[in-house]
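Chemist: Structure of the sequence below:
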Amino acid sequence: MKETIHPKYVDAEIRCACGNVIKTRSTRPSVLIGICNVCHPFYTGQQKFVDTAGRVDKFQQRMVKTQAAQAAQAASAAKKKKK
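Modeler: As a prediction, this is how the structure comes out:
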């Protein structure tokens, strides 16, 4: 194997959003994850809603804007029909 083409394999920490830290080895010194075996619903038996970066809120905001735009478009189409 050529020595200059392979990445370094170092000690690494995997950090979960719940605070769990796992020590392992990897080509990256640290890895951040959103869910692990300690907090995953499959292993805990508890249902947990994971909303990373407010995705549900962002979707609802886009939905409101879309509905407002469709209502405005329908109103302008109704004005054009009256003329």
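Chemist: So residue 13 belongs to a strand, correct?
Modeler: Yes - looking at residue 13 with DSSP: H, G, I helix; E, B strand; the rest coil, it is inside a strand.
Chemist: Correct me if wrong: it contacts residue 20.
Modeler: No - counting by C-beta atoms under 8 Å, residue 13 does not reach residue 20; the two are 10.5 Å apart. Quick note: C-beta positions are derived from backbone N, CA and C, even for glycine.
Chemist: End to end on stretch 28-44, go ahead and measure it.
Modeler: Terminal residues of stretch 28-44 are spaced 28 Å apart (C-alpha to C-alpha, to the nearest Å).
Chemist: any residues touching it, and which ones?
Modeler: Residues outside stretch 28-44 that contact it (C-beta atoms under 8 Å, 6 or more residues apart in numbering): 10-18, 20, 22, 47-48, 50, 52.
Chemist: what about stretch 76-83, distance to the chain center?
Modeler: 43 Å (C-alpha atoms, centre = their mean, to the nearest Å).
Chemist: worst-scoring helix or strand of the chain, pLDDT-wise?
Modeler: Lowest on mean pLDDT, DSSP states H and E among the helices and strands of the chain sits helix 41-44, with a mean of 73.
Chemist: before we move on, back to that, ok, the contacts of stretch 28-44 vs residue 65, which is closest?
Modeler: Within the contacts of stretch 28-44, the smallest distance to residue 65 is 21.5 Å, found for residue 52 (C-beta to C-beta).
Chemist: and the two most separated of the contacts of stretch 28-44?
Modeler: By the measure C-beta to C-beta, 10 and 47 form the most distant pair in the contacts of stretch 28-44, at 36.9 Å.
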